[in-house]
Every structure is written in C-alpha cells, then in structure tokens.
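1. Here you go, sequence then predicted model.
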2 protein chains.
Amino acid sequence: MPSFHPPERLLLGPGPSNVAPRVLAALARPTLGHLDPAFVSMMDELKELLRGAFLTKNALTVPVSAPGSAGMEACFVNLIEPGDTVIVCKNGVFGGRMRENVLRIGATPVMVEDDFGQPVDPAKVEAAILANPQAKALAFVHAETSTGALSDAESLCAMARAHGMLTIVDAVTSLGGVPLRVDDWGIDAIYSGSQKCLSCPPGLSPLSFSARAVETLKARKHPVQSWFLDLSLVMGYWEGAGARAYHHTAPVNMLYALHESLTALHEEGLEAAWARHAANHQRLRTGLEALGIEFLVPEAARLPQLNAVRIPTGVEDAPVRKRLLEQYGIEIGAGLGPLAGKVWRIGLMGTSSSPESVDRVLAALGEVLGR
Amino acid sequence: MPSFHPPERLLLGPGPSNVAPRVLAALARPTLGHLDPAFVSMMDELKELLRGAFLTKNALTVPVSAPGSAGMEACFVNLIEPGDTVIVCKNGVFGGRMRENVLRIGATPVMVEDDFGQPVDPAKVEAAILANPQAKALAFVHAETSTGALSDAESLCAMARAHGMLTIVDAVTSLGGVPLRVDDWGIDAIYSGSQKCLSCPPGLSPLSFSARAVETLKARKHPVQSWFLDLSLVMGYWEGAGARAYHHTAPVNMLYALHESLTALHEEGLEAAWARHAANHQRLRTGLEALGIEFLVPEAARLPQLNAVRIPTGVEDAPVRKRLLEQYGIEIGAGLGPLAGKVWRIGLMGTSSSPESVDRVLAALGEVLGR
C-alpha cells in the first residue's frame, strides 16, 4: 500500500481550517517522552498560552487529549452528577449533543430551544432559570458551528451567576475568532477545538475551569464516570512544580502543534485576530450579496468565521460542493441536521480567514453558479 | 514566547518510541477536511492496515481518536453495563486501571491478582471463571507495560470462550512487538496504542471488536455512558460505502501518521517485526547480564519490547536516569506503582528496537554505573 499524499485544498468548511506551515513544521518535530523535563516545560508554556487565548487566569486550563466532543464530555462528566438538573440551550446540532451528554450522566436536561440559525434567546433562558431554580448549571453554545449563530455569552453567564448556577460554554468555533473573555464574563467551564480559529490540526480540545468549577469537582459525591476524562486525575499530570504523575500518555506532537499555533495567535494579538475575522467576513458578505446569496442568520448574530448561507432556489447542493472541491480545490461545508440540503457553511477560520481565501471562493462560486 | 524545539532523544522508555522520519513527514502533510473523499479513502486503507496488524477480519477495526487509556475505556463502556460482572486480571498498573473502568460503569469487578512482574496465572483465572459463571467478560493485559510481563492471551481467551464470556484484551504494548492473533485466539475486544511498537506519535488507540462484541453492543439495555466513545455512533463515520455521518472531527494528521507507520510495518512484515524485537531483546539481555543487571520477570514471560530490570543494590534510581537523559540523550523508564525506585524499564519498541539502540544504552549504562 503506498504512502498517502493528500491533495491541495483550501479549507473553507466548518473546520478543520488550513494549518500554517510553521504549525505543520512544529507537528513534525521529533517526539519526546511525555515525562521528559523539556516536554513538561513546553506544557507549562502551553497552559500560559491557552490562558492568554481564553483571557483567563484559571489554574485548570489544559488541552484535553482528544477532539472537541471529548472536551464537551469532560465538562459535563466532571461537573454534573446523576440526579442534577441542567438547563441546556439548543439552537443547533451541538446543543442537542449537550443534551445527550446530560442524559448519559443520569441527569435531567431542561431544554431551551431556538430555531436553527437564531441565537439563544436570553428571555427564554431567564424564564427557564426562574422555573428551575434547582438547576446546577446553564449550558450553551457560544458559536453554533452548525448554523453560524453567535449567542450573547456575557449576558447568559451573568444570568446564571445571579442565580448561583454554573455555566458550561461551548467555544469550539468561537475561540480566536470572536471576542471571548472567560474571566470577565464569569464562565465556569469552557472547551474549544484545536482545528477551528486556532488552525492547529484536529484532535485537541482546550479546556478551562474556574475556581468555582474546580471546587464543584472536588465536592463530587460520585466518581467521574470517565476515567480518561477525570480532570482530578488529569490535573496530576498537567500541574505541580516538579515531577508529574502519569495519567495517560499525552499526544506529544499534537501539543507541539498547538503550542505553535497559540504562539502565532499571541504574535498577531487576540484583538487583531478578531478584527481580521470580522474584516474578511465583511469582504465575503459583500461578494455573496453581489451573487444574490443570502445569509441564514440575522445580521446581529452572524459569526464572521462561519457563514451559513441559503442555497439559492433551483441550485442543487452536492454537485456544487463537489465541483468546488474537485475543480477548484475548495472545501465548503454542507448543512447539518434540519439544514442539510438547505445551507452551505463557508468557514473563514484562523489561517483560512484571509482576503485571498474570500476572493478565491467568491470567484469559484460565481463560476459554478454561472452568476 | 519562542517556538518549541525538542532536544534529541533516544526513546528507550515505556513509550513513546522514536518516530521514523517517514512517519513525521506524513504527520506534517497538509490537513484535509474529515469528510473529504480523499481522506475517507485513506481511512479505508487505514482500517485494512490495522486489520493486518491485528490479524483479524473484524469489520469494526478503527483507531479511537485519543490515547490508549481511551481505547481501554471504549472497550469497557461499550460492552459492559451497570450490574454486569467482569473478571479482571491484575498483574500490574493497567489491570488496576481496568478495575477502575468497571467500577465507574456501575459493574462489579472480580479481581484475579498476580504479583507485579508475573504473568497472569491461568489456573487462577479458571478458578475465577468457575466461581463466577455469571461474569460477562474476562479482561486482562497481554503485555503489561508497567512490569514487562507477557501473559498467555491465547489460553486465557480459550478459557473465557469455553464459558461463553467475552474477552477484553489490552494490547497497548504488544501490538507489533510480539505474536498477537486476534481471530485465531478468538479475542472479542482489543485496544492498543499508537506510540509503542507501531512508532507513531502518541494520541491514537487502535481498536477491534469481533462480531460477537458488536452484537453485544447492539443488544445493550442502557445507552453507552460516553457519547464520544459510543462505537455505535463512531461506526457511522468509519463505515459505509458512500458518505460518512459526522460524529466527531477525526484527528486528521495523526491518522496520516498511523497510516504511514502501519504501511512501514506492512513492508517489514509482521513476523519479521516480531523477530526483530526478539533479537534485539537478546542482544540487550546479554549486555545487561555482563553488567550484572537482573530482570524482574521470569525468562518465559519476558517482553522483548519492555525490559524491566532491577536497579542494582546501592544505586540510586533518579540520578542514573537523569544522567542518561542529560548526558547521553537516552530516556529509559522509571518503575510505576509498587515498583517505583525498584526497577528501570528499558523499552525496545518499534523503531527504537535496533542493535544501535541496544549498544548505545548498554554503553551509557556501563559508564554511568562505572561497570
């Protein structure tokens, strides 16, 4: 069987985004032992870089050794116990996945539903909080990758906090792409993905727990149902002044890559990265409007890094995406769940968020659609 | 913060082993989308390569998107339900971890214990099977990474099968290093790690389920407690003729690397790789005996790829390992659990299993010990 050589692609789907050569170079550096002092120093830098990206001082800020779905599960299984109630906002596919997580713990989800494409409605959340004062946590998706909608994380967290509830926030697509301030907004548990606006390959899930979340973890009555994701054990490897306790073998090379992609973000500056994502979104928007293509999400809630647009009437979904991929080497995303066949998702995340990307996809779409 | 540049190391610990340049090159190839047809073709090849390494025809043969500990958890949470009984053999650290997995499911472990450094005793297992005919599964570690002991997987699986029990086998350190025949031995669920005898970076856990295991999964009464590790959902992404259902984002670049390391194993030939591991173990053994260093494990049960040796009387553990690392660039492993401070673990796994590695570590040990 021959070695695999991937074709050249411009990745403008819902993630992964294109990985910069400097990050691929870091990924390919020689593997070290996961307890090597040189590697442990790198881990310490990585935690500091992650805190910078999350805008937090949280001690427990680490990358989970698996993709974003495992980061989500880590938040739920560490903070929620059987019998707890969790208010879960669903305005896309990933809110539905949060519900699954709550159910599999033996806890009760109280659902707050909004249409796919709409942000989470704070008024509905407030009503759910008032109706369920016993709820332990409020969980929602900051940037819904399935629909391109941005919810008001600051307001939602303030409400939860005012009622003594923890917050669990999905920042898989938001981290690095739009303003996100973990400490200022009082977020208790947050997870992200490496392959979106950080433009590291997929496989890691940056996570951060507030002091209040760590106290909740320490006060648990039941053991965490996942041994692999038990953060009280994971901390023994990621924290401490000297030797680290072995828990699982860290994904050494992937952590080199995350270190490098966060270093690149730090060099650019977080606010500059947000501004870049916003500017390229405007460039895309202007071009799409000229092509007569409409956005799914109301203007105020549009994610610059994930543009869900309605497939024009009379245009078939799959053939267009196939031509873009095969003829132009451009990947855009299909709709998920109830939006399958109805929208395309054009990602402008991390390295993929550039004027050149925008111009290439607009030119290709114009040709394919004959407009 | 500067980019991270790891120092040069010869990795002769319990894993990771040294990754070959061709595998690092594959790792650094441009990232593709996880639903790209070119990537899906690579996944199909990867499954076939994994079947070749496991010597199985099992349809459900995939890499779990996380390290070996997650592979272990995947086997337990998919096959075991609350209230089940599992016979768990413990002759090292990883048998203890299996027990934790069983407990966290709400199932009952029946422990069969052997001393650290000894293989699992089939007579004790048979007694446990006879005393617990209601047990659903027998779980054991084929190659105990914490002690260097090889257990007789073929006999243990035959016993379990004769009594209608499933088998869950830890092959983290055995796959690619010693004979392992999943179909011939009738293993039902097996998991490994990418970073041992396959010499891929850490972060993936190859897994295979027999048809009987898949039936057990399909007949479950309770949902799998982990959404991320629920193989009935994971299969929707890894199987099928055409489009794959999105479950989680696959760790794209790590899968390139695993594909390449399995291709290298296929080129060498599985039996040739086993023979190479055996020959380099003999070379190490001869040299260690000349230095007056003794093995922990009885000769018949020694793993060629993981040599646990007693730290000579009067020699301090940590300073020797520190000098090997800092002066010679050689990593060897410390003892784990009750063996901490008592043994060193010298790994000769995958790419690290070569006459040059053996000669380098013997020369360095001789100098450091002044022998």
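-> Yep, it's here.
2. and the longest helix seen in chain A, what other elements does it pack with?
-> The helix spanning the most residues in chain A, taking DSSP state H as the definition, is helix A:270-290. Applying 3 or more C-beta pairs under 8 Å, 6 or more residues apart in numbering or on different chains; DSSP states H and E, one finds that helix A:270-290 makes contact with strand A:306-310, helix A:355-369. C-beta here means a position set from N, CA and C on the backbone, and glycine is covered the same way.
3. Report the distance from stretch A:252-267 to the chain centre.
-> Computed by C-alpha atoms, centre = their mean, to the nearest Å, the separation of stretch A:252-267 from the middle of its chain amounts to 16 Å.
4. Oh, that last question was meant for stretch A:3-14, not what I typed.
-> Taking C-alpha atoms, centre = their mean, the mean C-alpha location of stretch A:3-14 is offset from the chain mean by 20 Å.
5. Buried ones in it, by neighbour count?
-> A:4, A:6, A:9-14 (16 or more other C-beta atoms under 10 Å in any protein chain shown).
6. And the residue nearest to residue A:284 when sequence neighbours are not counted, what's its pLDDT?
-> Ranked by C-beta to C-beta, 6 or more residues apart in numbering or on different chains and with sequence neighbours excluded, the top spatial neighbour of residue A:284 is residue A:358, at 4.8 Å. Predicted confidence (pLDDT) for residue A:358: 98.
7. Ok, residue A:371 next?
-> Residue A:371 is assigned 87 on the pLDDT scale.
8. can you check residue A:246 too?
-> Residue A:246 carries a pLDDT value of 88.
9. I figured it was touching residue A:234, is that so?
-> No: Residue A:246 lies out of contact with residue A:234 (C-beta atoms under 8 Å); the separation is 11.2 Å.
10. quick one, which of the two is more surrounded?
-> Counted by other C-beta atoms under 10 Å in any protein chain shown, residue A:246 and residue A:234 do not tie: residue A:234 has more neighbours, with 23 against 18.
11. in what helix or strand does the residue positioned nearest the centre of chain A lie?
-> Taking C-alpha atoms, centre = their mean, the centroid of chain A lies closest to residue A:172, which sits 0.5 Å from it. Here residue A:172 is covered by no helix or strand, with elements defined by DSSP states H and E.
12. returning to what we had before: distance from the chain centre to the longest helix of chain A, please.
-> The chain centroid and the centroid of helix A:270-290 are separated by 19 Å under C-alpha atoms, centre = their mean.
13. near chain B at all, the lowest-mean-pLDDT helix or strand in chain A?
-> Here the helix or strand of chain A ranked lowest by mean pLDDT, DSSP states H and E is helix A:231-238, holding a mean of 92. No: contact of helix A:231-238 with chain B (C-beta under 8 Å from any C-beta of the partner chain) is absent, the minimum separation being 9.5 Å.
14. Can you give me the buried ones in that helix?
-> For helix A:231-238, the neighbour count (16+ other C-beta under 10 Å) marks A:231, A:233-235, A:237-238 as buried.
15. Would you mind putting the CA coordinates of the next helix or strand after it into CSV?
-> For helix A:231-238, the following helix or strand on the C-terminal side (DSSP H and E) is helix A:252-268. These are the backbone C-alpha positions of helix A:252-268, laid out as CSV (Å, rounded to 0.1, in the frame of the first residue of the first chain):
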residue,chain,number,x,y,z
VAL,A,252,3.1,14.9,22.3
ASN,A,253,3.4,16.0,18.7
MET,A,254,-0.1,17.5,18.6
LEU,A,255,0.8,19.5,21.7
TYR,A,256,3.8,20.9,19.8
ALA,A,257,1.5,22.0,17.1
LEU,A,258,-1.0,23.6,19.5
HIS,A,259,1.9,25.4,21.2
GLU,A,260,3.0,26.8,17.8
SER,A,261,-0.5,27.8,16.7
LEU,A,262,-1.1,29.6,20.0
THR,A,263,2.3,31.3,19.7
ALA,A,264,1.3,32.5,16.2
LEU,A,265,-2.0,33.9,17.7
HIS,A,266,-0.1,35.6,20.5
GLU,A,267,2.2,37.2,18.0
GLU,A,268,-0.7,38.5,15.9
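16. Run a quick neighbour tally on the nearest residue to residue A:2 once chain neighbours are set aside.
-> Distance criterion C-beta to C-beta, 6+ apart; nearest residue to residue A:2, sequence neighbours excluded, is residue B:263 at 7.7 Å. The number of residues packed near residue B:263 is 20, by other C-beta under 10 Å.
17. which intervals of chain A have sub-threshold pLDDT?
-> For chain A, the stretches with pLDDT under 70 are A:241-243.
18. can you list the domains in it?
-> Here the domain parsing of chain A from automatic domain parsing is A:10-15+A:270-369, A:21-266.
19. returning to that earlier point: touching, the residue nearest to residue A:284 and residue A:352? I think so.
-> No: taking contacts as C-beta under 8 Å, residue A:358 lies outside contact range of residue A:352: 9.7 Å.
20. Pick out whichever of those two has more residues nearby.
-> Neighbours around residue A:358 and residue A:352, counted as other C-beta under 10 Å, are more numerous at residue A:352. The numbers are 27 against 24.
21. show me the contacts for the closest residue to residue A:27 other than its chain neighbours.
-> The spatial neighbour of residue A:27 that comes closest, neighbours along the chain excluded (C-beta to C-beta, 6+ apart), is residue A:257 at 4.1 Å. The contact partners of residue A:257, taken as C-beta atoms under 8 Å, 6 or more residues apart in numbering or on different chains, are A:19, A:23-24, A:26-27, A:194, A:200-201, B:253.
22. Keep only those of those residues that are in helices.
-> Cross-referencing those against helices under DSSP H gives A:23-24, A:26-27, B:253.
23. Please check those and keep the buried ones.
-> The buried subset of those (16+ other C-beta under 10 Å) comprises A:23-24, A:26-27, B:253.
24. end to end, how far does stretch A:148-157 reach?
-> Separation of the first and last residues of stretch A:148-157 by C-alpha to C-alpha, to the nearest Å is 20 Å.
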